[in-house]
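[1] next comes the sequence, and after it the predicted model I'd like to discuss.
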Amino acid sequence: MHVLGIIDRGVDGDAVERVVDRVVDRLSRTGRVGVVRYDATIADGTPVQTRDDGGSVALGGDVTYDLGADGDWTATGTGLTVQDALDRLAVDCDYAVVVGVSELRYPSIAIGPEAAEADGDDSQLAVIDAPADLETAFPTPDQGDADDGLVAALEATEPYETLGSLVERVKRSPKAERSGAIATFTGRVRAKDAEDDARTEYLKFEKYEGVADERMATIERELEDRDGVLEVELYHRTGVVEDGEDIVFVVVLAGHREEAFRTVEDGINRLKDEVPLFKKEVTVEDEFWVHDRP
Amino acid sequence: MATEWKLFADLAERAGEKRVTVEAAAGDTVGDALEELLADRSDLEDRVLDEEGDLRSQINVLRNGTNVLIEEEGLETELEDGDELALFPPVSGG
């Protein structure tokens, strides 16, 4: 899944909503789109739903799904963060649009007069003044022409993956009917290696763009050539990964458990040995490159 | 045509930059390009070369994604037009 933030930088009225409409409309032509809206006025723990007659009804339970015909649904609940919502969308959406969050680590389109000065980072796909400028930044393709510049720009960014999204992907494999096993490995940020360790706050990963992806693709291909191994997915995050967060996933779809386990282990070992990724560790006391402290 | 070095991790920090363009070109060797890279960068040189002036064993040198020390002729590998060279410490992903 690819995540796109739509960020309000001082525009009036419904400008942000109009951009969201257009973006969702265009992305929907290529894949399934999820939308996450952050609205701080939704508060106080009790999920409330507005009825058609304008009244409201408090729903029971911490999570409530209302289901309709054909699998249509609405939901309310408590205790969900933007990150949690994205993790859930990643399982079956190709794109996620995030609205109402001003600081995002994902690719974004900023709208409004304060945009240019407020943001200097490279995650910014475009800075526009008004909804109509979306057209200038990413022209809508002609009828029947599949190449949407907005889709292409978003697809060129780092995808958002979770263990769940990778597992779902291998399950959708055409070879899945011969699979009796999925084995996975998740590498995460360890806060402490011993009781008296200085606590790790975050790791920061640098990647050799292009070469790292080629090497990961080679490892996937070579492992998939093994007898009984059907699909292999490797994914490694880059940038800042905080204490407790996931860093790396290896997912193997195989005929039987033996080759699934073996391949998952070989996959993570080869990734750690062969892929040009560099880890800087920042603890409460210090910061250092991990290869300097074997 | 000039050749570009990409530097990573602490090597980039010691050089003060992540990309360095050198004049070594087609016909010159990877070693020539390395010498030029290290010429005014003693901090980086100390990290990359040992007391004898040889490349330290943990330092990787890639030419267009291929490790020249393992799969090519090491620092004697000849450059071609538009090569991208990379210099980095042991990898530490995961």
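    That came in fine, so what should we check first? Treat the numbers as computed from the prediction; the structure is a model and nothing was measured.

[2] which non-adjacent residue is nearest A:Lys207?
    Distances taken as C-beta to C-beta, 6 or more residues apart in numbering or on different chains place A:Thr238 nearest to A:Lys207, at 4.6 Å, with adjacent residues excluded. (Each C-beta comes from the backbone N, C-alpha and C, glycine too.)

[3] where does that neighbour land on pLDDT?
    Looking at A:Thr238, its pLDDT reads 94.

[4] same question for A:Ala146.
    So A:Ala146 comes in at 64 (pLDDT).

[5] would you list the phi and psi of the spatially closest residue to A:Cys93 that is not a sequence neighbour?
    Spatial nearest neighbour of A:Cys93, excluding adjacent residues (C-beta to C-beta, 6+ apart): A:Gly34 at 4.0 Å. Recorded main-chain torsions at A:Gly34 are phi -110, psi 150, according to degrees, to the nearest 10.

[6] relative to chain A, which residue of chain B is the closest?
    B:Gly93 (3.1 Å; C-beta to the nearest C-beta).

[7] that residue falls within a helix, correct?
    No. Assessed with DSSP: H, G, I helix; E, B strand; the rest coil, B:Gly93 is coil; it does not lie in a helix.

[8] for A:Ala183, see how far away it is.
    B:Gly93 is 20 Å from A:Ala183, where distance means C-beta to C-beta, to the nearest Å.

[9] cool, and B:Pro90?
    27 Å.

[10] when B:Gly93 and A:Ala183 are compared, which one has more neighbours?
    Remark: of B:Gly93 and A:Ala183, B:Gly93 carries more neighbours, 26 against 19, as counted by other C-beta atoms under 10 Å in any protein chain shown.

[11] look up how far B:Thr66 lies from the closest residue to that one other than its chain neighbours.
    Excluding the flanking residues, the one nearest B:Gly93 by C-beta to C-beta, 6+ apart is A:Leu277, at 3.1 Å. Look at A:Leu277 and B:Thr66: by C-beta to C-beta, they are 18 Å apart.

[12] these two: which is more packed in?
    Neighbours per residue, other C-beta under 10 Å: of A:Leu277 and B:Thr66, the larger number sits with A:Leu277, 26 against 14.

[13] check the residue nearest in space to the middle of chain A and give its pLDDT.
    For chain A, the residue nearest the mean C-alpha position is A:Tyr160 (2.3 Å; C-alpha atoms, centre = their mean). On pLDDT, A:Tyr160 comes in at 95.

[14] same thing with B:Ala2?
    88.

[15] ok, A:Thr41 next?
    81.

[16] for A:Ile247, what are its contacts?
    Counting by C-beta atoms under 8 Å, 6 or more residues apart in numbering or on different chains, A:Ile247 touches A:187-189, A:203, A:205, A:236-237, A:241, B:94.

[17] out of those residues, which are buried?
    A:187, A:189, A:203, A:205, A:236-237, A:241, B:94 (16 or more other C-beta atoms under 10 Å in any protein chain shown).

[18] just the ones in strands from those, please.
    Those of those mapping onto strands are A:187, A:203, A:205, A:236, A:241, per DSSP state E.

[19] next, the closest residue to B:Ala2 other than its chain neighbours: secondary structure please.
    Counting by C-beta to C-beta, 6+ apart, the nearest residue to B:Ala2 once its immediate chain neighbours are dropped is B:Thr21, at 5.0 Å. Here B:Thr21 is recorded as strand under three-state DSSP.

[20] bridge partners for B:Thr21, pull those for me.
    When assigned by DSSP bridges, B:Thr21 has beta-bridge partners B:Glu4.

[21] that one and B:Glu4 touch, don't they?
    Yes. B:Thr21 is in contact with B:Glu4 according to C-beta atoms under 8 Å; the separation is 5.3 Å.

[22] more neighbours: these two, which one.
    B:Glu4 (14 against 11).

[23] contacting residues for that one?
    B:19-22, B:83-85.

[24] repeat that for B:Arg56.
    B:47-50.

[25] of all the residues in chain B, which ones are close to chain A?
    B:6, B:8-10, B:58, B:60, B:62, B:65, B:86, B:88-94 (C-beta under 8 Å from any C-beta of the partner chain).

[26] just the residues contacting the longest helix belonging to chain B, thanks.
    In chain B, assigned by DSSP state H, the helix with the most residues is helix B:30-38. Helix B:30-38 is touched from outside by B:3, B:5, B:15, B:20, B:22-24, B:44-45, B:48-49, B:55, B:61, B:63, B:68, B:74-79, B:85, B:87, with contacts defined as C-beta under 8 Å, 6+ apart.

[27] tell me where chain B has helices.
    B:9-15, B:30-38, B:42-48, B:68-71.

[28] hmm, back to that, how far away is the residue nearest to the centre of chain A from B:Glu52?
    Distance from A:Tyr160 to B:Glu52, by C-beta to C-beta: 48 Å.

[29] show me the shaky parts of chain A.
    By pLDDT under 70, the weakly predicted segments of chain A are A:43-60, A:117-122, A:143-146, A:294.

[30] contacting residues for the nearest residue to A:Ala126 once chain neighbours are set aside?
    Nearest residue to A:Ala126 in three dimensions, chain neighbours excluded: A:Ala137, at 4.2 Å (C-beta to C-beta, 6+ apart). Contact analysis of A:Ala137 by C-beta under 8 Å, 6+ apart lists A:109, A:126, A:128.
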